[in-house]
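A.B. asks: With the sequence up front, the predicted model follows.
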Amino acid sequence: MTNPFLTRSLKTLLPGAAALCLAALTAIPGAAQSVNATYAYSINSNDHTISVSKISTATGQVTGVSYIPYPSLEATPLALVLEATPTRNFVYVSDNFGSISEFQADRVTGALTSIGNVAAGIFPAGLFVDANNQTLYALNNGDNTVSAFTIGTFGALTPQGTTATGSGPVSMTMVQGSTQTYAYVVNQNDNSISQYTLCASPLNCSPAGSLVPGQTFTTTGITLQAIAATPAQSPSM
């Protein structure tokens, strides 16, 4: 049976596109892989699978694609994010049931191994990992919150609380300031951007990695979809 909320939400997230074609693509850095290949992952909402694409580092061409079923065959994958460091690679996928599935990515073959799942909010339409690969954030489009999770040594996510956003959060970015890190969340239903400060010293807050609310401002855009920020520039001498 078609889920009206799911269909309506996906159409809002992708105006003008088929309702069940939401996908994300992220590649593991070549330095973390074998000499000749790297791997990319995409979610296939319509058939409830995850694609693993092998990419030649010499030509950039896709040389092979394999598919794995999403752990819950009844759930529709919504967003994908990759946590990659020189020593570990994990893939996280959110779905319309409010769950985030955790996978370990093999650094040589690209294969994914399920290592568990954790509950997020309602309809987590976006995922974001901080620059230090320590915290994952889920943008919960259905209940207007962002959930924070610490990323464990073996990939498990540990909840660090939720913070209110504007209406319909879908995307997030961070900017490193002179003394603090700031986060910005795009809210598509009320066309606003919410600003936060990352909980870290010297702020008197807890837990570390959670978001401390700041101001929310309305833009002149309609149905905001995504946000990104350029790196902070060093002061001119």
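C.D. replies: Okay, I see it. Numbers count the residues shown, from 1 in each chain.
A.B. asks: give the contact list for Pro202.
C.D. replies: Thr179 (CB atoms under 8 Å, 6 or more residues apart in numbering). (Each C-beta comes from the backbone N, C-alpha and C, glycine too.)
A.B. asks: and it, which of the three is it?
C.D. replies: coil (DSSP: H, G, I helix; E, B strand; the rest coil).
A.B. asks: How about Thr38?
C.D. replies: Secondary structure, three-state DSSP: Thr38 is strand.
A.B. asks: ok, it touching Ile55?
C.D. replies: Yes. The pair Thr38 and Ile55 qualifies as a contact (CB atoms under 8 Å) at a distance of 5.1 Å.
A.B. asks: what is the most centrally placed residue in the chain paired to in the beta sheet?
C.D. replies: Closest to where the C-alpha atoms of the chain average out (CA atoms, centre = their mean) is Leu127, at 1.9 Å. Note on Leu127: beta-bridge partners by DSSP bridges are Ala138.
A.B. asks: now Ala40: how far from Gln215?
C.D. replies: Taking CB to CB, to the nearest Å as the measure, Ala40 falls 37 Å from Gln215.
A.B. asks: okay, now the residue lying closest to Ala75 once chain neighbours are set aside: neighbour count?
C.D. replies: Nearest residue to Ala75 in three dimensions, chain neighbours excluded: Asp95, at 3.9 Å (CB to CB, 6 or more residues apart in numbering). A total of 25 residues lie near Asp95 under the criterion other CB atoms under 10 Å.
A.B. asks: and if you look at Asp143?
C.D. replies: For Asp143, the neighbour count with other CB under 10 Å is 16.
A.B. asks: What does the pLDDT read for the residue nearest to it when sequence neighbours are not counted?
C.D. replies: Among residues not flanking Asp143 along the chain, Ile122 sits closest, at 4.2 Å (CB to CB, 6+ apart). Note on Ile122: pLDDT of 97.
A.B. asks: part of a strand, is Ile122?
C.D. replies: No. Counting by three-state DSSP, Ile122 is located in no strand; its state is coil.
A.B. asks: Let me see the contact set for it.
C.D. replies: 98, 140-143.
A.B. asks: quick one, helices of the chain?
C.D. replies: Secondary structure of the chain (DSSP state H): helices at 4-13.
A.B. asks: picking that back up, Ala40 and Gln215: which has the busier surroundings?
C.D. replies: Higher neighbour count among Ala40 and Gln215: Ala40, with 17 against 8, using other CB under 10 Å.
A.B. asks: If that one is in a bridge, with which residues?
C.D. replies: Bridge pairing for Ala40 - DSSP bridges - gives Ala27, Ser53.
A.B. asks: what stretches of the protein score poorly on pLDDT?
C.D. replies: Under the criterion pLDDT under 70, the flagged ranges of the chain are 1-36, 232-237.
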